[in-house]
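Colleague: need the 3D shape of this:
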Amino acid sequence: MEQRKKYVLVGTGGRAEFFYGALAKHFRETSKLTAFCDINETRMVYANKLLMEKYDHPAVNIYRSEDFDRMIEQERPDTVIVTTVDRTHHTYIIRAMELGCDVVTEKPMTVDENKCQEILDAVKRTGRKVRVTFNYRYAPHHTKARELIMDGAIGKVNSIHFEWLLNTQHGADYFRRWHRDKRNSGGLLVHKSTHHFDLVNFWIGSEPESVFAYGDLMFYGRENAESRGTTRFYERATGSELAKEDPFALHLDAKPHLKAMYLDAEHEDGYRRDQSVFGDGISIEDTMGVLVKYRSGAILTYSLNAYLPWEGYRIAFNGSKGRLEMNIVEQSYVNSGGDKALEGALIGKSIRVFPMFDAPYEVNVEEAEGGHGGGDPVLLRDVFGEPEPDKFNRAADHLDGAKSILTGIAANRSIRSGLPVRIEDLVRF
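Modeller: Numbers count the residues shown, from 1 in each chain. Modelled structure (predicted):
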């Protein structure tokens, strides 16, 4: 057997356990985790506690963020896993490559066109590899849609209508935490929609050319709550009497995992995970509509709303030989608030093909266990295990990461300007 690949992880917040838990539980024969890095030592100590008690794995070395270079020098990893706040992804991605490492990064790859260009330039300069973990590509129903389109079931795809619904549990969660500041996350059109825009690129085998968008904060935030008659407000839920009756409140002291990861770590960095979704200071949108033209000629109409009664999405592909419809209902969740296998887990799905001159038919897809519709375990095996040949080319690199976020970045610019935005005006590939 080849020598195990060595990994270090930077950013031990809510998304980190998805990666280090998999390394510790399923991939010890192919991979070795040796260190954590974070701005918050309390959180790293807790991650080590989970490693030992939950996964029966030895504690790893810990390094503060200012010691990132020293960690690379001492640990000599093959690959750095980046799961920090989105706006800092580029910092660690670029520095890791400069120090001779490959990178596995959580989506989105970064949050704006300048940081994206820096990453593209660093890949060319260093020759290192960046892998972006688009787990939705690996969900069996998404792979089936790609297969149907590849096989010509509906001919050439001319238009796509894509409606994504985030509910009042999952959707609200982006307005409680650091994502609510657009400087941190790029807004939901970058942080969340990168999944969706990547899926469209993947499904139709093309890339965005130009983008036009509208978006606004129309439900969350103090001003919207006041317009609906709310008169009593609080800053954070934990310890607030007012928050006890608020269905949008997240009480950190009621959830041991969240308490240990965030409430007990506040004294180091001041980060509050349980802010009121109806407070001030929210700079991201909750209601968005996007129009995208692709190089293939296809047109996408896309809708995202973050305060709806159910979670899931509806997609329709219109082609030269018919129509493909996919309707999905997903499990609602709060990040790090429960079993990770339930994140994006399927409740119901249907795929139907409507041939132009024949009877419509249902497409059966074998169920798969795991988060994000069964995609998580397949992705993790592909990243950390021994990947199998894949005719669908689901593994995503830095170019895939860029092409997905650039749709959202262009949409953000269009919202600000009221004008369409061409992708070629944002970055140089």
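Colleague: any buried residues in stretch 221-237, and which?
Modeller: By neighbour count with 16 or more other Cβ atoms under 10 Å, stretch 221-237 contains the buried residues Gly221, Arg222, Asn224, Ala225, Phe233, Tyr234, Arg236, Ala237. Backbone N, C-alpha and C define where each C-beta goes, glycine included.
Colleague: ok, the first one touching Ser283?
Modeller: No. Gly221 sits out of contact with Ser283 when judged by Cβ atoms under 8 Å, with a separation of 9.4 Å.
Colleague: of the buried residues of stretch 221-237, which belong to helices?
Modeller: Under the assignment DSSP state H, the buried residues of stretch 221-237 contribute Arg222, Asn224, Ala225 to helices.
Colleague: quick check: closest non-adjacent residue to the first one.
Modeller: Closest residue to Arg222 apart from its sequence neighbours, by Cβ to Cβ, 6 or more residues apart in numbering: Asp280 at 5.1 Å.
Colleague: and the lowest mean pLDDT element among the helices and strands of the chain?
Modeller: helix 371-384 (a mean of 86; mean pLDDT, DSSP states H and E).
Colleague: show me where the stretch 151-300 of the chain has its helices.
Modeller: Counting by DSSP state H, counting those that start in this stretch, the segments of the stretch 151-300 of the chain that form helices are 170-173, 182-185, 188-191, 193-204, 222-227, 256-261, 266-269.
Colleague: so for Ala396, which of those sits nearest?
Modeller: Of all those, helix 193-204 sits nearest to Ala396, with 6.8 Å by Cβ to Cβ.
Colleague: got the angle for that closest one vs helix 371-384?
Modeller: 80 degrees (axes from the mean of the first three to the mean of the last three Cα atoms, to 10 degrees).
Colleague: other SSEs contacting helix 193-204?
Modeller: helix 140-150, strand 157-167, strand 287-294, strand 299-308, strand 312-319, helix 398-417 (3 or more Cβ pairs under 8 Å, 6 or more residues apart in numbering; DSSP states H and E).
Colleague: beyond the longest one, next helix or strand please.
Modeller: Moving toward the C-terminus from helix 398-417, the first helix or strand encountered (DSSP states H and E) is strand 421-422.
Colleague: quick one: Ser206 and Tyr294 touch, right?
Modeller: Yes. Contact status for Ser206 versus Tyr294: in contact at 4.3 Å, counting by Cβ under 8 Å.
Colleague: can you pull the contacts of the residue lying closest to Tyr214 once chain neighbours are set aside?
Modeller: Nearest non-adjacent residue to Tyr214, counting by Cβ to Cβ, 6+ apart: Gly289, 5.1 Å away. Listed by Cβ atoms under 8 Å, 6 or more residues apart in numbering, the contact partners of Gly289 are Ala213, Tyr214, Gly215, Thr301, Tyr302, Ser303.
Colleague: per-residue confidence at Gly289?
Modeller: pLDDT for Gly289: 98.
Colleague: and if you look at the one 4 residues further on?
Modeller: With respect to pLDDT, Lys293 has a value of 98.
Colleague: any idea how far it lies from Ser303?
Modeller: 17 Å (Cβ to Cβ, to the nearest Å).
Colleague: ditto for Ala96
Modeller: On the measure of Cβ to Cβ, Ala96 and Ser303 end up 36 Å apart.
Colleague: which one's more surrounded, the two?
Modeller: Between Ala96 and Ser303, Ala96 has the larger neighbour count (other Cβ atoms under 10 Å), namely 28 against 15.
Colleague: which SS class is that one?
Modeller: helix (DSSP: H, G, I helix; E, B strand; the rest coil).
Colleague: kindly report the same for Val45.
Modeller: Val45 - assigned by three-state DSSP - is helix.
Colleague: ok, and the closest non-adjacent residue to it?
Modeller: Ile62 (7.2 Å).
Colleague: pLDDT at the one you found, what is it?
Modeller: Per the predicted model, pLDDT is 98 at Ile62.
Colleague: so it makes contact with Thr34?
Modeller: No. Using Cβ under 8 Å, Ile62 is not in contact with Thr34; the gap is 10.7 Å.
Colleague: now, of the contacts of Gly289, which are buried?
Modeller: Going by neighbour count (16+ other Cβ under 10 Å), those have Ala213, Gly215, Tyr302 buried.
Colleague: re earlier: I'd say the residue nearest to Arg222 and Asn224 touch.
Modeller: No. Using Cβ under 8 Å, Asp280 is not in contact with Asn224, being 11.4 Å away.
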